[in-house]
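In: sequence and predicted structure below; questions after.
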Amino acid sequence: LSYHLAKESLSVPNPATYGGMDSNGIDFAYANATSTSANGIGASGGSGNNSYNLNGGGGSSSSSAPPHLQSKRFPEETSTQNPQRSSQNSPKSSQNFENSSKSSEGISKQRPLKRSEQKRSWRTISRQCLRRIVIFIDDGIDKGVDTANYGIKILGPLFVCVAITLIGFLTYTYFRFVIYRISVGGAPGRVAITLIGLFFLLNALYNYFKASTLDAGLPPAADRGELLEEDPELRPKICQRCNLQKPPRAHHCSICQRCVLKMDHHCPWVNNCVGLANYNHFCLFLFYLSESCGFFMAVCCLILDDPSPDQEEEEQQSILVSFIIAGSALLALTILGGFHVILCLSNQTTIEFYGNVATRIKARRRGEKWTNPYGKGMAGNFREVFKYPFWDPRWMFPWAVNLSRTLRLSSAKLTSEGARDL
């Protein structure tokens, strides 16, 4: 260190000229030069003619060390020259070391938590974990619902093809194997029974076609003046997903991506929403299809009572498979149709039904009686769905009503044109 300080102040040449370093890192050539040379540097207070006294030692020269080197003291020289000062500073340094060690121990060894604080920490951790689990499950459910919606939208035409295929298979079995084995009433009996079956089948297909192709009910466009209405009760609700007007009984279909008036549900078997405009056709489709399945099973029972000896294996298998399909469909349609009969007579939709059940239970617990705000009585509810009272048979034949309306409009148009010509 003394060598480098002297080099900075006196611009000493390269230290390589003074020799090498010993094993302790001391430049022995430079140390010898400083102790013996007449013009050397008195590193430890030695006597040189023109030496600089770096440690305050007595040199014979009147010149002194540079100002920035007079205050420099090396550790070993300071301890040897001022033993009393070093002994006075040693207790303070030891005391400071003890204080620093105590402070470090205090930092490393924190105060132990109380039992209440531990409980609070565990509660906080458990709540955070539970919140993350709930968020993860919620995200998983949303993704699963979106995936199911896309799957139903893609598989909708496939469900329609399956339904038509099953109906076609039962019809083929009847006209290929069953009709020739009907022995009740001979040929006129066969014709009469077949006409009854065709009546059920054609009505089922007509209502199935209307339920699949008719728009379930598009909400009206919101008027700009109504949207600017200050009163929130008079202002129409707008759906945040499809930006259409949302009346009280309308719901957004996540598969059709729009709102539907008086939406009941989205049926994959018709590949369409069931709502205000096609709900009657959907119910009539269930009714006539269940009648068709019951008719087929009744005819098959007549055949089974009178087995034929020349019956082929293909015929037996076809009749048996068709009977099982018709029985399974009849069971499912009976349950579903009975549920929709309840909905029709109570003026509810499938979506509203589940919410009304919970509301009814809460009202019963409070000791109150819940009533449907849209209920109009059984007759009024039936008429709201089918447009006719239940004693009027026209509700069963919407195709006849549409046909008569078309004929009436065409005749009125011809009459108006004839009057204009006259």
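Out: Great, that's in hand.
In: what about the strands in the stretch 201-350 of the chain?
Out: 251-253, 258-260, 265-267, 272-274 (DSSP state E, counting those that start in this stretch).
In: which of those sits closest to residue 243?
Out: Among these, strand 258-260 comes nearest to residue 243, with 9.6 Å by Cβ to Cβ. Backbone N, C-alpha and C define where each C-beta goes, glycine included.
In: now that closest one: buried residues?
Out: 258-260 (16 or more other Cβ atoms under 10 Å).
In: need those residues in a markdown table (columns: pLDDT and distance to residue 414).
Out: Below are those laid out as a markdown table (pLDDT from 0 to 100; distance: Cβ to Cβ, whole Å):
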| residue | pLDDT | distance to residue 414 |
| --- | --- | --- |
| 258 | 88 | 39 |
| 259 | 91 | 40 |
| 260 | 92 | 38 |
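In: for these, which one is nearest residue 126?
Out: Nearest to residue 126 among these, with distances taken as Cβ to Cβ, is residue 259, at 41.3 Å.
In: so what does the top helix by length along the chain touch, helix or strand wise?
Out: For the chain, the helix with the greatest residue count under DSSP state H is helix 115-173. In this structure, helix 115-173 packs against helix 186-213, helix 279-305, helix 313-346, with contacts taken as 3 or more Cβ pairs under 8 Å, 6 or more residues apart in numbering; DSSP states H and E.
In: contacts for stretch 315-326, please.
Out: 166, 169-170, 173-174, 176-178, 293, 296-297, 300, 303 (Cβ atoms under 8 Å, 6 or more residues apart in numbering).
In: columns distance to residue 415, pLDDT and neighbour count on top of the residues you listed, output as TSV?
Out: As requested, these are exported to TSV (distance: Cβ to Cβ, whole Å; pLDDT from 0 to 100; neighbours: other Cβ atoms under 10 Å):
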residue	distance to residue 415	pLDDT	neighbour count
166	47	94	15
169	48	94	14
170	46	94	21
173	49	92	22
174	45	93	23
176	49	90	13
177	52	88	20
178	49	89	23
293	45	95	25
296	46	94	26
297	49	93	16
300	52	89	21
303	53	80	20
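In: which pair in these spans the largest distance?
Out: 166 and 303 (20.0 Å).
In: residue contacts, the closest residue to residue 242 other than its chain neighbours?
Out: Nearest in space to residue 242, with sequence neighbours left out and distances taken as Cβ to Cβ, 6 or more residues apart in numbering, is residue 258 at 4.7 Å. Listed by Cβ under 8 Å, 6+ apart, the contact partners of residue 258 are 218, 242, 244, 252.
In: ok, 10 Å please
Out: 216, 218-219, 239, 241-244, 250, 252, 273 (Cβ atoms under 10 Å, 6 or more residues apart in numbering).
In: quick one on the thing from earlier: among the strands of the stretch 201-350 of the chain, which comes closest to residue 144?
Out: Taking these one by one with Cβ to Cβ, strand 265-267 is closest: 16.5 Å.
In: that's a strand at residue 390, yeah?
Out: No: assessed with DSSP: H, G, I helix; E, B strand; the rest coil, residue 390 is coil; it does not lie in a strand.
In: report pLDDT for it.
Out: Residue 390 is assigned 89 on the pLDDT scale.
In: tell me how far it lies from residue 262.
Out: Distance, residue 390 to residue 262, using Cβ to Cβ, to the nearest Å: 20 Å.
In: more neighbours, those two?
Out: Remark: of residue 390 and residue 262, residue 262 carries more neighbours, 23 against 14, as counted by other Cβ atoms under 10 Å.
In: is it true that the more buried one touches residue 246?
Out: No: when contacts are counted by Cβ atoms under 10 Å, residue 262 is not listed as touching residue 246 (12.0 Å).
In: only alpha carbons, please: show stretch 340-360 as PDB.
Out: Only the C-alpha atoms of stretch 340-360 are listed here, as PDB (Å, rounded to 0.1, in the frame of the first residue of the first chain):
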ATOM      1  CA  HIS A 340     -95.300 -29.700 -21.200                       C
ATOM      2  CA  VAL A 341     -99.000 -30.200 -20.600                       C
ATOM      3  CA  ILE A 342     -98.400 -28.900 -17.100                       C
ATOM      4  CA  LEU A 343     -96.500 -25.900 -18.500                       C
ATOM      5  CA  CYS A 344     -99.200 -25.100 -21.000                       C
ATOM      6  CA  LEU A 345    -102.000 -25.200 -18.400                       C
ATOM      7  CA  SER A 346    -100.000 -23.100 -15.900                       C
ATOM      8  CA  ASN A 347     -98.700 -20.600 -18.500                       C
ATOM      9  CA  GLN A 348     -95.000 -21.200 -17.700                       C
ATOM     10  CA  THR A 349     -91.900 -22.000 -19.700                       C
ATOM     11  CA  THR A 350     -89.200 -24.500 -18.900                       C
ATOM     12  CA  ILE A 351     -86.900 -21.700 -17.800                       C
ATOM     13  CA  GLU A 352     -89.500 -20.000 -15.700                       C
ATOM     14  CA  PHE A 353     -90.600 -23.300 -14.100                       C
ATOM     15  CA  TYR A 354     -87.300 -23.900 -12.300                       C
ATOM     16  CA  GLY A 355     -87.200 -20.400 -11.000                       C
ATOM     17  CA  ASN A 356     -90.900 -20.500  -9.900                       C
ATOM     18  CA  VAL A 357     -90.300 -23.700  -7.900                       C
ATOM     19  CA  ALA A 358     -87.600 -22.000  -5.800                       C
ATOM     20  CA  THR A 359     -89.900 -18.900  -5.400                       C
ATOM     21  CA  ARG A 360     -92.800 -21.000  -4.300                       C
END
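In: got the contact list for that stretch?
Out: Contacts of stretch 340-360 (Cβ under 10 Å, 6+ apart): 249, 251, 262-265, 274-276, 279-280, 282-283, 286-287, 339, 368-382, 384-386, 390.
In: and that stretch, which residues are buried?
Out: Result for stretch 340-360 [16+ other Cβ under 10 Å]: buried residues 340, 343-345, 347-349, 352, 356.
In: what do you get for stretch 379-399?
Out: 381-386, 388, 395, 398.
In: stretch 267-280 too?
Out: 267-268, 270-280.
In: tell me which of the helices and strands packed on helix 115-173 lies nearest to residue 137.
Out: Of the helices and strands packed on helix 115-173, the one closest to residue 137 (Cβ to Cβ) turns out to be helix 313-346, at 30.1 Å.
In: and the closest one, what's its mean pLDDT?
Out: 92.
In: after that helix, which helix or strand is next? Please name it.
Out: helix 350-365 (DSSP states H and E).
In: mean confidence (pLDDT) on the next helix or strand after that next one, please.
Out: Next along the chain after helix 350-365, taking DSSP H and E as the criterion, comes helix 377-386. Mean pLDDT, helix 377-386: 92.
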